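>>> What shape does this take:
(one chain, ligands or ions: 3)
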Amino acid sequence: MFSSSSPLPAPLEKVFQYIDLHQDEFVNYAQKSWIISFGEWVAIESDSVQPVPHFRQELFRMMAVAADMLQRLGAHVASVDMGSQQLPDGQSLPIPPVILAELGNDPTKATVCFYGHLDVQPADRADGWLTDPYMLTEVDGKLYGRGATDNKGPVLAWIHAVSAFRALERDLPVNIKFIIEGMEEAGSVALEELMEKEKDRFFSGVDYIVISDNLWISQRKPAITYGTRGNSYFTVEVKCRDQDFHSGTFGGILHEPMADLVALLGSLVDSSGHILVPGIYDEVAPLTEEEINTYKAIDLDLEEYRNSSQVAKFLFNTKEEILMHLWRYPSLSIHGIEGAFDEPGAKTVIPGRVIGKFSIRLVPHMNVSVVEKQVTQHLEDVFSKRNSSNEMVVSMALGLHPWIANINNTQYIAAKRAIRTVFGTDPDMIRDGSTIPIAKMFQEIVHKSVVMIPLGAVDDGEHSQNEKINRWNYIEGTKVFAAFFFEMAQLH
Ligand SMILES: Cn1cncc1C[C@H](NC(=O)CCN)C(=O)O
Ligand SMILES: [Zn+2]
Ligand SMILES: [Zn+2]
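Ligands and ions are numbered 1, 2, ... in the order given. Below is the predicted model:
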């Protein structure tokens with residue numbers, strides 16, 4: 001137990017020194033044979049979203065490079081075959097292996113398991129990247145590249161924290177396990193089956209889970225994340241026939257599918273963001289005074305956030321309301337319409353069949369299958385009032401559960417202390433409005449407690465053009481992980 005005011009314990013002091021002295025090696029080049037640089041990882045085009053052979057090959061190479069690195073670090077590594085993925089067009093593509101690795105199995109020590117993913121979102125220089133997305137490029141202390149913050153950087157930071165102990169020939173304070181996948185951006189395909197299979201094997205000796213796959217809510221203040229929203233993703237198809245019509249020859253005598261669909265989509269949410277599906281708010285956890293206070297404490301400059309997002313006005317005017325509507329209330333977003341005429345020009349078409357897409361972000365204690373029923377019922381009611389002769393089919397394409405943790409768990413205390421040691425400040429305790437599906441799987445299937453320790457800053461641009469991680473976040477984050485090992489050992 002130590003704080004920023006008391007001196008670091010000698011072994012940790014040495015580890016921090018090592019991380020500082022070797023930071024260029026972590027970023028740029030390899031000297032020690034077991035360290036591979038960040039740059040080499042970013043250069044692998046491990047895009048899991050575009051289902052084409054080139055990117056799948058890159059994904060397999062990515063997982064092989066990572067497995068090899070962990071092996072050279074002294075870990076026992078298994079690359080688990082995940083079979084293949086059936087695409088809607090009938091094609092099938094191989095799924096990259098999941099790495100299960102283990103370093104140390106001293107029964108007197110705590111065992112900490114780290115989850116990360118090495119696949120990335122698509123990136124194309126032509127989309128507005130200022131540098132080659134697959135070449136890690138440092139500008140003013142910012143390391144630009146696809147995957148820099150999501151999630152290659154944080155995975156490497158964890159590995160580098162471990163490697164610092166090994167380089168100093170020091171015993172690791174905890175046993176370490178890794179689960180690293182290559183399909184997160186595609187919805188963690190086949191991962192749930194693996195978790196079921198391994199819950200009493202690989203995961204049986206695990207005490208704590210750490211995920212570092214989201215961002216701080218600030219540019220400078222570190223954070224710990226204790227909850228994420230879930231997501232229920234819907235498609236609603238309205239069909240007259242499989243072919244389009246000419247509006248000159250059919251306009252005026254048809255129930256038009258697009259008119260039905262626009263009415264259906266228009267019935268979902270009002271202009272103040274309130275969801276109109278009956279019953280949808282019934283299970284939302286009631287708000288307490290104590291909870292409101294937790295939002296007050298969070299470092300968020302609303303004006304700066306609004307300006308940097310280039311939004312004229314948000315739906316809410318206070319920090320607390322904004323945070324609550326991102327984290328603890330559901331939201332409904334309309335994403336698009338398949339089959340619609342969406343090109344420039346004035347084509348006089350009546351689409352014969354259209355598919356609307358929308359999703360509802362779920363919060364505690366909403367239930368995925370209850371939401372599915374409520375949404376389906378609501379759309380059927382709205383549709384039947386239209387007396388349309390078209391066919392409507394509603395289906396839920398994805399049902400991802402919300403996740404929330406108990407912040408009094410041991411690893412939250414350890415993470416807080418580690419952050420205080422490195423940054424000299426207490427972290428913001430935050431939730432995340434997006435979804436990290438594996439968190440709930442750890443809780444429900446493996447029955448282990450998860451802490452999320454994000455490393456990147458709010459402006460890192462995950463999934464966007466010019467994704468980056470600051471060198472400062474990456475190097476100090478590596479120290480946070482090293483300090484976390486120490487704190488975990490003390491608290492266990
Ligand atoms: C694929 N998908 C569909 N519904 C939800 C998701 C996951 C996706 N996850 C992230 O973005 C993680 C960000 N750190 C999201 O929340 O949209
Ligand atoms: Zn990610
Ligand atoms: Zn992502």
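>>> How about residue 216, nearest residue that isn't a chain neighbour?
Distances taken as Cβ to Cβ, 6 or more residues apart in numbering place residue 223 nearest to residue 216, at 4.4 Å, with adjacent residues excluded. Just so you know, the C-beta spots here come from the backbone N, C-alpha and C atoms, and that holds for glycine as well.
>>> do residue 300 as well
The shortest distance from residue 300 to any non-neighbouring residue, by Cβ to Cβ, 6+ apart, is to residue 319 (5.2 Å).
>>> thinking that neighbour is in contact with residue 304, fair?
No - the pair residue 319 / residue 304 is not scored as a contact, 11.3 Å apart, by Cβ atoms under 8 Å.
>>> who's more crowded, the two?
Of the pair residue 319 and residue 304, residue 319 is the one with more neighbours under other Cβ atoms under 10 Å, namely 16 against 12.
>>> residue boundaries of the strands in the stretch 351-492 of the chain?
353-362, 391-400, 403-404, 428-432, 449-452, 468-470 (DSSP state E, counting those that start in this stretch).
>>> Give me the domain ranges for the chain.
Per the record, the chain has its domains at 10-228+403-491, 230-284+329-400, by automatic domain parsing.
>>> Dig out what the residue of the stretch 101-250 of the chain found nearest ligand 1 forms beta bridges with.
Among the residues of the stretch 101-250 of the chain, residue 231 lies closest to ligand 1, at 3.8 Å counting by Cβ to the nearest ligand atom. In this entry, residue 231 is beta-bridged to residue 361, residue 400, by DSSP bridges.
>>> how near is it to ligand 2?
Counting by Cβ to the ion, to the nearest Å, the gap between residue 231 and ligand 2 amounts to 14 Å.
>>> which residues touch that residue?
Neighbouring residues of residue 231 by Cβ atoms under 8 Å, 6 or more residues apart in numbering: 359, 360, 361, 362, 398, 399, 400, 435.
>>> hang on, the second one packs against residue 330?
Yes - under the criterion of Cβ under 8 Å, residue 360 is in contact with residue 330, at a separation of 5.6 Å.
>>> what residues are shared contacts of these two?
Looking at what touches both residue 360 and residue 330 (by Cβ under 8 Å, 6+ apart), the common residues are 275, 280.
>>> Looking at the two, which one has more neighbours?
In terms of neighbours (other Cβ under 10 Å), residue 360 is the more surrounded of residue 360 and residue 330; the figures are 27 against 22.
>>> how many other residues sit next to the closest residue in space to residue 218 that isn't next to it in sequence?
The spatial neighbour of residue 218 that comes closest, neighbours along the chain excluded (Cβ to Cβ, 6+ apart), is residue 299 at 4.8 Å. Applying the criterion other Cβ under 10 Å, we find 17 residues in the vicinity of residue 299.
>>> what do you get for residue 285?
14.
>>> Look up how far ligand 1 lies from it.
20 Å (Cβ to the nearest ligand atom, to the nearest Å).
>>> residue contacts, residue 491?
Remark: with contacts taken as Cβ under 8 Å, 6+ apart, residue 491 is in contact with 410, 413, 414.
>>> Which one of the residues you listed is nearest to ligand 1?
Nearest to ligand 1 among those is residue 414, at 22.3 Å by Cβ to the nearest ligand atom.
>>> Neighbours of that closest one, how many?
Burial of residue 414, expressed as a neighbour count using other Cβ under 10 Å, amounts to 27.
>>> and what of the one 10 residues further on?
The criterion is other Cβ under 10 Å. On that basis, residue 424 has 10 neighbouring residues.
>>> remind me which residues of the protein are low pLDDT?
When residues are selected by pLDDT under 70, those of the chain lie in 1-7, 29-36.
>>> what does it put close to ligand 1?
187, 213, 214, 231, 233, 398, 400, 434, 435, 436 (Cβ under 6 Å from any ligand atom).
>>> Closest one of these to residue 136?
Compare each of these with residue 136 using Cβ to Cβ and the shortest gap goes to residue 213, at 18.9 Å.
>>> Could you pull out the buried residues of stretch 68-79?
Applying a neighbour-count criterion of 16 or more other Cβ atoms under 10 Å, the buried positions in stretch 68-79 are 69, 70, 72, 73, 75, 77, 79.
>>> who's in contact with it?
Applying Cβ under 8 Å, 6+ apart, the contact partners of stretch 68-79 are 33-36, 63-64, 67, 97-103, 159, 162-163, 166, 176, 178.
>>> Just the ones in strands from these, please.
With DSSP state E as the criterion, strands contain 98, 99, 100, 101, 102, 103, 176, 178 from among these.
>>> Neighbour-wise, which one of the residues you listed leads?
Counting neighbours by other Cβ under 10 Å, residue 176 comes out on top of the ones in strands among the contacts of stretch 68-79 with 27 neighbours.
>>> which parts of this structure sit against ligand 2?
Residues of the chain lying close to ligand 2 (Cβ under 5 Å from the ion) are 150, 151, 213.
>>> how does it look with 6 Å?
Taking Cβ under 6 Å from the ion as the contact definition, the chain meets ligand 2 at 117, 150, 151, 184, 213.
>>> burial count for the residue in the stretch 351-492 of the chain that ligand 1 sits nearest to?
Evaluated by Cβ to the nearest ligand atom, the stretch 351-492 of the chain has residue 434 as its residue closest to ligand 1, separated by 3.2 Å. Applying other Cβ under 10 Å, we find 16 other residues in the vicinity of residue 434.
>>> Could you pull out the helices in the stretch 301-450 of the chain for me?
Assigned helices in the stretch 301-450 of the chain, in chain order: 302-308, 319-327, 368-385, 410-423, 437-441 (criterion: DSSP state H, counting those that start in this stretch).
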